[in-house]
Structure formats: structure tokens, C-alpha cells
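[1] let's see this in three dimensions:
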Amino acid sequence: MSQVFTAGNLLDASRHSEYEFCQYVVYEIVRMAASEAIFYSHRILWMNITMLYHNTKSIMWNVEQKEISRLSTNPFDSYSYT
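    The predicted structure is shown next:
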């Protein structure tokens, strides 16, 4: 079983084989990439939810404004009384 390197014993890497050191570096890269991917996927998901909320709110506001406009206009205003 190979030793797992940590930041504390990374300085002692010269005592370990090159294979173990590369294994640690790859492990750390994968670990950091996974944590970044989780962070960014949550961030992107939150941004999409926020954008969907604002778009829905905007659509509802436009629908309300059209309804208000429709209800506030006098249907007889379009006719000419001349």
C-alpha cells in the first residue's frame, strides 16, 4: 500500500519514489478539479435558477402590464365620432 502524501510531508517527497510522487500529484489534481467542478456546477445551477426566476418574473410583469393596458383602455376610443 503506497503512502498518501499531504502538504506536510510533501517536502519529504525526495525520500519517496517518483511513481508515488506522481501518484500524489495526480490525486491532488483530480481532487482539486472535482471540488472546483462541484463548486462551479452548484454556482451554474444557482445562476440558472436565478435567471429562470428573473425571466419568469419579467414575463409575468409583461403579461400584467398588457392586461392592465387592455383593461384601462376604453373600447370606444378607437371609433371616430365625426
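
[2] against residue 72, how distant is residue 23?
    The gap separating residue 23 from residue 72 is 72 Å, by Cβ to Cβ, to the nearest Å. C-beta coordinates here come from the backbone N, C-alpha and C atoms, glycine included.

[3] what of residue 36?
    Distance from residue 36 to residue 72, by Cβ to Cβ: 52 Å.

[4] likewise residue 43?
    Residue 43 is 43 Å from residue 72, by Cβ to Cβ.

[5] looking at these two, which is more packed in?
    Set side by side, residue 43 and residue 72 show more neighbours around residue 43, with 10 against 7, by other Cβ atoms under 10 Å.

[6] what mean pLDDT does the helix or strand hosting residue 29 have?
    In this structure, residue 29 sits in helix 18-72 according to DSSP states H and E. Mean per-residue pLDDT for helix 18-72: 80.

[7] what helices and strands are in contact with it?
    Judged by 3 or more Cβ pairs under 8 Å, 6 or more residues apart in numbering; DSSP states H and E, helix 18-72 is in contact with no other helix or strand.

[8] what about residue 63, how many residues nearby?
    10.

[9] sorry, that was for residue 65
    For residue 65, the count of nearby residues is 10 (other Cβ under 10 Å).

[10] any idea how far residue 54 is from it?
    Residue 65 is 16 Å from residue 54, by Cβ to Cβ.

[11] what is the burial count for residue 71?
    Number of residues near residue 71 (other Cβ under 10 Å) recorded here: 7.

[12] and what of residue 20?
    Neighbour tally, residue 20, other Cβ under 10 Å: 15.

[13] perfect, that will be all.
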